[in-house]
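Enquirer: For reference, the sequence and a predicted model appear below.
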Amino acid sequence: MILILESDIDKQGPKYLSLIDYLSKLPAIQIRTHEEHGTQQVLTEIYLVGDTGALVTDDMQALPGVERVVRISREYRVLGRHKDDKRSTHFEYNGVLFSQDNLNVFAGLCAVDNPEHVEMMLRALRDNSQVCTRMGAYKPRSSPYAFQGHGKACLPYTFELAGKYGIKVIAMEVTHESHVDEIRNALDTTGSPTGVMLQIGTRNTQNFELLKAVGRQNEFPVLLKRGFGITLHESLNASEYLASEGNRKVIFGLRGMKTHHDDPHRNFVDFALVPAIKRLTRMPVCIDPSHSVGNRDRDPDGILDLFHVTAQAVVAGANMILVDFHPAPRQALVDGPQALLLAELPYFLEDVRIARGAYEARKKLRRDQPA
Ligand code: PEP
Ligand code: MN
């Protein structure tokens, strides 16, 4: 059960103190407090964990300082969408809004290779009015002999160039908690010209110590990719690890599943789950067509599978697209064969816009129907 308190409640005041006193005397119940600092106000939520079955909602609602009571009917206590749960489904980071109701595109390099390619990518984004990108510095590779990413060495120029081209958020994978400090230090030394969304890759979805460490910091939002060989439930619980440590700025990413049915795509595309994740949780849902499809094959009309799966997810309400581009894919050190070309960026964005329009029209059609 969650007690949502009156906003800006005084933690030293009699209302709050008598509430805590009452709750702490409830038998077999532990209490956990979470504060959400918004731009206008501080929201306090008290999680009651344990034997809550006997608690009467109306009694709890009547306690001093309590505005609303949410009964947790399912799993995913913090990020789940519970019955009568009107908690928000959005957050803002560095001026960019992330929510279940909008869409952000993160086109960029799978891996940073050199400053020239970073600059070409960022210039193309700026020229197409984009403020988000992806840039991999720490690459988890299947082979220890493959390029592992330039790591912290490439952060200063990547951040400076991002600032130069007006990029507000860079999605960047971290594979170890020390990478978070390296990113923070590089932002500090370059004067924070941009923001970073930490990415937990599919190979680390159940790296619980990494999840806890990343969840303990509140500075950077987190994109958690679904584990490629585990159940959806397990992956959603992984996002709950982040949130239960305190960081609720979490986006859930679909990137295809490893199966023996993967041909002709690199992974089995799982974007049909977009609406299901929005129903089960309050997280914005990201899709990664590049790591799902893994190639540049086309249908008989000439449309890339990459475009098709993206459009399919957007028509179903996806909120973020993480997609690989490269100015010279043949020279890319990672995942060149799946990269879109810079010349394809305006076409890709227009295709996304058409699909989003279809989603909006479908939502309106539903609203116009009898319940
Ligand atoms: C990536 O986005 O660069 C990546 C490695 O993705 P995933 O973790 O989904 O394989
Ligand atoms: Mn990749």
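Expert: Perfect, I can see it now. Ligands and ions are numbered 1, 2, ... in the order given.
Enquirer: And the lowest mean pLDDT element among the helices and strands of the protein?
Expert: The helix or strand of the chain with the lowest confidence, counting by mean pLDDT, DSSP states H and E, is strand 29-37 at a mean of 88.
Enquirer: how about low-confidence regions in this protein?
Expert: 73-74, 262 (pLDDT under 70).
Enquirer: residue contacts, the residue of the stretch 151-300 of the chain found nearest ligand 1?
Expert: Using CB to the nearest ligand atom, the closest approach of the stretch 151-300 of the chain to ligand 1 is made by Gly201 at 2.9 Å. C-beta: built from backbone N, CA, C; applies to glycine. For Gly201, the contacting residues are Pro140, Glu173, Thr175, Lys225, by CB atoms under 8 Å, 6 or more residues apart in numbering.
Enquirer: mind listing which of those are in strands?
Expert: Secondary structure from DSSP state E places Glu173, Lys225 of these in strands.
Enquirer: Among the contacts of Gly201, which pair sits farthest apart?
Expert: Thr175 and Lys225 (12.1 Å; CB to CB).
Enquirer: Which residue ranges of the stretch 151-300 of the chain form strands?
Expert: 169-173, 195-200, 222-225, 250-254, 285-287 (DSSP state E, counting those that start in this stretch).
Enquirer: For Thr44, which of the ones you listed is the nearest?
Expert: The closest of these to Thr44 is strand 250-254. By CB to CB, the value is 19.7 Å.
Enquirer: Can you list the neighbours in contact with the helix ranked longest in the chain?
Expert: Identified as the longest helix of the chain according to DSSP state H is helix 345-367. For helix 345-367, contacts defined as CB under 8 Å, 6+ apart pick out 103, 105, 107, 124-125, 128, 130, 307, 310-312, 314-317, 321, 323, 325, 340.
Enquirer: Quick one, which of those residues are buried?
Expert: Buried subset of the contacts of helix 345-367 (neighbour count, 16 or more other CB atoms under 10 Å): 103, 105, 107, 124-125, 130, 307, 310-312, 314-317, 321, 323, 325, 340.
Enquirer: coming back round to it: what lies in contact with the least confident helix or strand of the chain?
Expert: Counting by CB under 8 Å, 6+ apart, 20, 23-24, 42-52, 55, 78, 246, 248 sit against strand 29-37.
Enquirer: circling back: the longest helix of the chain: which residues count as buried?
Expert: Leu345, Phe348, Leu349, Asp351, Val352, Ala355, Arg356, Tyr359.
Enquirer: try stretch 156-163
Expert: Of the residues in stretch 156-163, Tyr157, Thr158, Phe159, Glu160, Leu161, Ala162, Gly163 count as buried by neighbour count, 16+ other CB under 10 Å.
Enquirer: Name the nearest of these relative to ligand 2.
Expert: Set against ligand 2, the nearest of those by CB to the ion is Thr158 (16.3 Å).
Enquirer: ok, now which ones touch the residue most central in space within the chain?
Expert: In the chain, the centroid-proximal residue (CA atoms, centre = their mean) is Ile251; its distance is 1.8 Å. Applying CB under 8 Å, 6+ apart to Ile251 gives the contacts Phe98, Met197, Pro221, Val222, Leu223, Leu224, Met283, Pro284, Val285, Cys286, Asn319, Met320.
Enquirer: do you know how far the residue with the largest distance to the centre of the chain is from ligand 2?
Expert: Going by CA atoms, centre = their mean, the residue of the chain most distant from its centre is Pro14, 38.4 Å out. Here the criterion is CB to the ion, to the nearest Å. By it, Pro14 lies 56 Å from ligand 2.
Enquirer: repeat for Ala28
Expert: Where ligand 2 is concerned, Ala28 sits at a distance of 48 Å (CB to the ion).
Enquirer: Would you agree Ala107 is in contact with Leu125?
Expert: Yes: between Ala107 and Leu125 there is a contact under CB atoms under 8 Å: 6.5 Å.
Enquirer: Any chance you could list residues touching both of these two?
Expert: What both Ala107 and Leu125 touch, as defined by CB under 8 Å, 6+ apart, is the set Thr133, Leu345.
Enquirer: count of residues packed around whichever residue of the stretch 201-350 of the chain sits closest to ligand 2?
Expert: Ligand 2 sits closest to Asp335 of the stretch 201-350 of the chain, with a gap of 3.8 Å, by CB to the ion. Residues lying near Asp335 (other CB atoms under 10 Å) number 19.
Enquirer: Next to ligand 1, which bits of the stretch 151-300 of the chain? Give me the list.
Expert: Glu173, Gly201, Thr202, Lys225, Arg255, Asp288, His291 (CB under 6 Å from any ligand atom).
Enquirer: Spit out the contact partners of the last one.
Expert: Residues in contact with His291 (CB under 8 Å, 6+ apart) are Thr202, Arg255, Gly256, Arg266, Asn267, Asp324, Asp335, Gln338.
Enquirer: which of these lies closest to Arg298?
Expert: Gln338 (13.3 Å).
Enquirer: Tell me how far the closest one lies from Asn267.
Expert: Shown here: Gln338 relative to Asn267, a distance of 11 Å by CB to CB, to the nearest Å.
Enquirer: same question, Arg248
Expert: In terms of CB to CB, Arg248 sits 28 Å off from Asn267.
Enquirer: Surely Arg126 is in a strand?
Expert: No: applying DSSP: H, G, I helix; E, B strand; the rest coil, one finds Arg126 to be helix, outside a strand.
Enquirer: thinking it is in contact with Tyr165, fair?
Expert: Yes: with contacts counted by CB under 8 Å, Arg126 reaches Tyr165, the gap being 4.1 Å.
Enquirer: Looking at the two now, which is surrounded by more residues?
Expert: Tyr165 (20 against 15).
Enquirer: hey, where'd the helices end up in the stretch 201-350 of the chain?
Expert: 208-216, 232-244, 274-280, 289-293, 305-315, 345-367 (DSSP state H, counting those that start in this stretch).
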